[in-house]
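**Student:** quick one, what's the 3D model for this:
(one chain, ligands or ions: 1)
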Amino acid sequence: LRRGGRFWECLDQIPRPPGYPIIGNLFDFMKTPEQMFLSERKLALEYYPIFSLNILGSASVNLINPEDIELVLTDTKQNTKSFLYNFLHSWLGTGLLTSGGQKWQNRRKILTPAFHFNILQEFIQIFNEETKGLVDDLEKECHKPFIDVVVPITQFTLLSIGETAMGIKLDSEDKDKDGYKSAVYKIGRLLAYRTPRPWFYNDAIYSLTPAGRKEKKVLKTLHTFSESVIAERKKYLPNSYSSRKRLAMLDLLLKYKAEGANIDDKGIREEVDTFMFEGHDTTSMALCFCLLLLANHKDAQEEILKEMETVLDDDTPTYAKLQELKFMERCIKESLRLFPSVPFISRVSGSEIKTKTGYTIPKDCMVNLQIYDLHHSPHVFPDPEKFDPDRFLPENIQKRHPFAYVPFSAGSRNCIGQKFAMLEMKTALCGILKKFVLEPIDTPKDIKFVADLVLRPKGSIKVKFVPRHD
Ligand code: HEM
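**Tutor:** Numbers count the residues shown, from 1 in each chain. Prediction:
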């Protein structure tokens, strides 16, 4: 009623799965996190290219086709994140991922230099050192019938973001770090629980519920960790920053603050929380799924090895050498197609959107861009479940719509860390594949997912690591 006739008039034209009066499609989503994930996939397959949902008057439009996804991602009027991101405010505040308008523009401008090519080049040495630690850990465990790769890989990505962007060395035995990792899992679960329950959307009401009280405890762990990261880095603050032209992320923010720029302690914590999370969890999942796929595709594994032998000889990879690993890159890209770490993103329409498919999305409506379903659609990728790195040969990319593949989103709000992530994943793969042959235990079909902040498996991802004897 509040939204008026035009809103519902437009929305009612868009295909919607049958629901009930008042509650709408609520029962499609009042399910376990695993069933919720499957429900969305089923709807996307059935209703491609577009469908709407209405849960107790909370409406959304879901886009699955590249043409309409392009319309949203290239229009700055559609840049505002939907209210779903508000649920992250108690954790990430309004950092780069969750902010909008002028604040987002200022922060993006401040933080972009922290991911400049010169900075990334310096990070390769850290990625190599952390890869060595990862390979040592895998060596200790490789006598076992399998390793759940999520455990060592998450450790690797967390240590890597700590040492690169934050400039601190996290102790691999550190209890706070372990508490942080499990808190990230817990908050993801709580958000998945809250999202389909509009009666918990009000913060005051939610805070009184058992889930809200649990969230408060989890937030304490998350914030204690990020505050300790900032305190640790502050110990090493130089008196003057002028000696180095380019600074990594946390130093850059601390410098801006010291110089009186428009960022305070709260702002710095927002970004540390944002980058600690976005910088480790997404890359960790991407790398885990890549290892799963390579274990199941020995031919690709051997081809990567041959390429490594030609390009790297026996050296540790440098920035320039990593650029030359073209086949490895295609494998990572294909892995991110099948397992995009961020399965969907969400916006609110800043104006009416006339879709290429002939519908009108009303203004002020939640618009979800279903990246996972776009990447798995047979309309977009023939034989979509097949692992085929050649889909990313230049001549094949050219045949596709430019927005058919968007694991890092696209447009002005794209992922600021995408180059960082690719370099980190390539360095880790070089270290791992040089030492081990990956053997399959789980197959991709065995993996069940849960609705979460990132594409998360329900249980473990099991791979066998067999030491390589030259
Ligand atoms: C494979 C790894 C990664 C994937 C698949 C990924 C994916 C994405 C996607 C899809 C978005 C858009 C989110 C949205 O619109 O709501 C995003 C944004 C973002 N990502 Fe990543 N990401 C990855 C790695 C990283 C890393 C390593 C960092 C930091 C070092 C990072 C930091 C961010 C930040 C801060 C944003 C918000 C950017 C903005 O709105 O200006 N990401 N990422």
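**Student:** closest point of the stretch 101-250 of the chain to the ligand, which residue?
**Tutor:** For the stretch 101-250 of the chain, the residue positioned closest to the ligand under Cβ to the nearest ligand atom is Arg108, at a distance of 5.0 Å. C-betas here are computed from N, CA, C, even on glycine.
**Student:** per-residue pLDDT, the nearest residue to that residue once chain neighbours are set aside?
**Tutor:** Once flanking residues are discounted, Arg108 sits nearest to Leu96: 6.4 Å by Cβ to Cβ, 6 or more residues apart in numbering. As summarised for this prediction, Leu96 has a pLDDT of 97.
**Student:** and Gly57, by the same measure?
**Tutor:** In this model, Gly57 carries a pLDDT of 83.
**Student:** tell me how many other residues crowd it.
**Tutor:** When counting by other Cβ atoms under 10 Å, one arrives at 13 neighbours for Gly57.
**Student:** residue contacts, it?
**Tutor:** 22, 24, 198 (Cβ atoms under 8 Å, 6 or more residues apart in numbering).
**Student:** wouldn't Ile371 be in contact with Pro343 here?
**Tutor:** Yes - with contacts defined as Cβ atoms under 8 Å, Ile371 counts as touching Pro343 at a distance of 5.9 Å.
**Student:** hmm, back to that, ok, the contacts of Gly57 vs Ser60, which is closest?
**Tutor:** Gly24 (10.6 Å; Cβ to Cβ).
**Student:** quick check, Arg246 in a helix?
**Tutor:** No - Arg246 is assigned coil when assessed by DSSP: H, G, I helix; E, B strand; the rest coil, not a helix.
**Student:** ok, it touching His116?
**Tutor:** Yes - using Cβ under 8 Å, Arg246 makes contact with His116 at a distance of 5.9 Å.
**Student:** in this structure, what residue lies closest to the ligand?
**Tutor:** Going by Cβ to the nearest ligand atom, the ligand is nearest to Gly417 of the chain, at 2.2 Å.
**Student:** which SSE is Gly167 in?
**Tutor:** Taking DSSP states H and E as the definition, Gly167 sits outside all helices and strands.
**Student:** model confidence for it, exactly?
**Tutor:** Predicted confidence (pLDDT) for Gly167: 90.
**Student:** residue contacts, it?
**Tutor:** Gly167 makes contacts with 233, 236, 248, 250-251, as judged by Cβ under 8 Å, 6+ apart.
**Student:** quick one: Leu312 from Lys435, how far?
**Tutor:** From Leu312 across to Lys435, the span is 14 Å (Cβ to Cβ, to the nearest Å).
**Student:** likewise Ala286?
**Tutor:** Spatial separation of Ala286 from Lys435 under the definition Cβ to Cβ is 20 Å.
**Student:** neighbour count winner among these two?
**Tutor:** With neighbours defined as other Cβ under 10 Å, Ala286 and Lys435 compare such that Ala286 has more, 26 against 17.
**Student:** setting the sequence-adjacent residues aside, check what's closest to that one.
**Tutor:** Ranked by Cβ to Cβ, 6+ apart and with sequence neighbours excluded, the top spatial neighbour of Ala286 is Ser341, at 4.9 Å.
**Student:** surely the one you found is in contact with His280?
**Tutor:** No - look at Ser341 against His280 with Cβ under 8 Å: they stay out of range, at 10.8 Å.
**Student:** can you name the residues in contact with the one helix or strand Leu336 maps to?
**Tutor:** Using DSSP H and E, the element containing Leu336 is helix 326-338. Under the contact criterion Cβ under 8 Å, 6+ apart, helix 326-338 has outside partners 286, 289-290, 293-294, 300, 303-304, 307-308, 375-376, 381, 385, 387-393, 405, 407, 422, 425-426, 429-430, 444.
**Student:** among these, which ones lie close to the ligand?
**Tutor:** Counting by Cβ under 6 Å from any ligand atom, the subset of the contacts of helix 326-338 that neighbours the ligand consists of 286, 407.
**Student:** for the ligand, what are the nearby residues on the stretch 151-300 of the chain?
**Tutor:** 165, 274-275, 278-279, 282-283, 286.
**Student:** take these and keep only those in strands.
**Tutor:** Judged by DSSP state E, these include no members of strands.
**Student:** redo the residues you listed as a markdown table? Include distance to Ala59.
**Tutor:** Listed next are those as a markdown table, based on distance: Cβ to Cβ, whole Å:
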| residue | distance to Ala59 |
| --- | --- |
| Ala165 | 38 |
| Thr274 | 28 |
| Phe275 | 32 |
| Glu278 | 28 |
| Gly279 | 33 |
| Thr282 | 28 |
| Thr283 | 33 |
| Ala286 | 32 |
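**Student:** now intersect these with the helices, please.
**Tutor:** Among these, the members falling in helices (DSSP state H) are 274-275, 278-279, 282-283, 286.
**Student:** isn't Leu84 up against Met366?
**Tutor:** Yes - using Cβ under 8 Å, Leu84 makes contact with Met366 at a distance of 7.3 Å.
**Student:** overlap of the contact sets of these two?
**Tutor:** Between them, Leu84 and Met366 share the contacting residues Ser346, judged by Cβ under 8 Å, 6+ apart.
**Student:** the helix or strand bottoming out on mean pLDDT in the chain packs against which elements?
**Tutor:** Among the secondary structure pieces of the chain, namely its helices and strands, helix 26-29 has the lowest mean (mean pLDDT, DSSP states H and E), a mean of 85. Based on contacts counted as 3 or more Cβ pairs under 8 Å, 6 or more residues apart in numbering; DSSP states H and E, the elements that helix 26-29 packs against are helix 33-47, strand 50-55.
**Student:** now the strands for the stretch 101-250 of the chain?
**Tutor:** Along the stretch 101-250 of the chain, the stretches classed as strands by DSSP state E, counting those that start in this stretch are 147-148.
**Student:** give me the low-pLDDT residue ranges for it?
**Tutor:** With pLDDT under 70 as the threshold, the stretch 101-250 of the chain has low-confidence stretches at 172-173, 175, 239-245.
**Student:** now the helices for it?
**Tutor:** Per DSSP state H, counting those that start in this stretch, the stretch 101-250 of the chain has helices spanning 101-111, 117-141, 150-164, 175-194, 203-208, 210-234, 249-258. These are given in chain order.
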